[in-house]
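Q: generate a structure from the sequence data that follows.
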Amino acid sequence: MAQSLSKLYIHIVFHIKNNDVVIRLEDEKELYAYIGGIIKANEAFPIKINGTKNHLHILTTMSKNLSPAKFVEEIKRNSSRWIKTKGAHYQFFAWQGGYAGYSVSQSKDLNNMLPFQGANWFWPFFYPRRCRWAGI
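A: Modelled structure (predicted):
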C-alpha cells in the first residue's frame, strides 16, 4: 500500500497554568475558533471544542503525521501566543505542562461527547468516572 490511512478520535483536556489569569467568557468563542484553525493546520479535523474559564476539552481527529504529545504542544503553543495578543489581562497567560488524552470510539455520538461545560459542568462527577474508565 503506497498510502497511509488513519482515522483516530481523541478527547484532549488541559488546564491553565495560573488560576489568576482565566479565560474570559467574551474570549471563549474566538479562542475555540482559533484552536480549530490550529487543528486544521495540523491535518486534523476539530469536532467539538469547549471548556470553562480554566480548562479546555477538545474532541478531534488525530493527524497521522504527529504524535499526540506534539499535536497538543502545537495547539497549546500557538493558542497561548494568540491569546496574549488579546490584551493586558492575558499578559501572563500560560497552559499547564501536561494534558489528558483519551481515545474515543467512532461508534459514540461524537456531537454529544462534551456537553457538560459552563454553568452545567459537574467536574467532581465526571472526572473520577473518566479516570476509573481510563484505568488511572
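
Q: give me the low-pLDDT residue ranges for this protein?
A: 1, 107-136 (pLDDT under 70).

Q: centre-most residue in it?
A: By C-alpha atoms, centre = their mean, the mean C-alpha position of the chain lies nearest to Ile58, the distance being 3.3 Å.

Q: roughly how far does that residue sit from Ile38?
A: Noted for Ile58: a distance of 10 Å to Ile38, by C-beta to C-beta, to the nearest Å. No exception for glycine: its C-beta is placed from N, CA and C like everyone else's.

Q: overlap in contacts of these two?
A: Common neighbours of Ile58 and Ile38 (criterion: C-beta atoms under 8 Å, 6 or more residues apart in numbering): Ile75.

Q: what segments of the protein are helices?
A: 25-41, 68-83, 123-134 (DSSP state H).

Q: out of the ones you listed, deepest packed?
A: helix 68-83 (a mean of 17; mean count of other C-beta atoms under 10 Å).

Q: what is the burial count for Ile47?
A: 19 (other C-beta atoms under 10 Å).

Q: check His55 too.
A: 18.

Q: contact partners for it?
A: 13-16.

Q: do that again at 6 Å, thanks
A: Taking C-beta atoms under 6 Å, 6 or more residues apart in numbering, we find His55 in contact with His15.

Q: pull up the gap between it and Ser105, please.
A: 23 Å.

Q: same check, this time on Ile35
A: As judged by C-beta to C-beta, Ile35 and Ser105 stand 23 Å apart.

Q: one more: Lys53?
A: For Lys53 relative to Ser105 (C-beta to C-beta), the value is 30 Å.

Q: more neighbours, those two?
A: Lys53 (14 against 7).

Q: how close does that one sit to Glu74?
A: The value you get for Lys53 to Glu74, if C-beta to C-beta is used, is 23 Å.

Q: Gly37 is in contact with Ser79, correct?
A: No. With contact defined as C-beta atoms under 6 Å, Ser79 does not count as touching Gly37 (9.7 Å).

Q: close enough to count as contact, the residue nearest to the centre of the chain and Ile49?
A: Yes. Shown here, Ile58 and Ile49 form a contact pair, counting by C-beta under 6 Å, at 5.1 Å.

Q: please consider this matter closed, and thank you.
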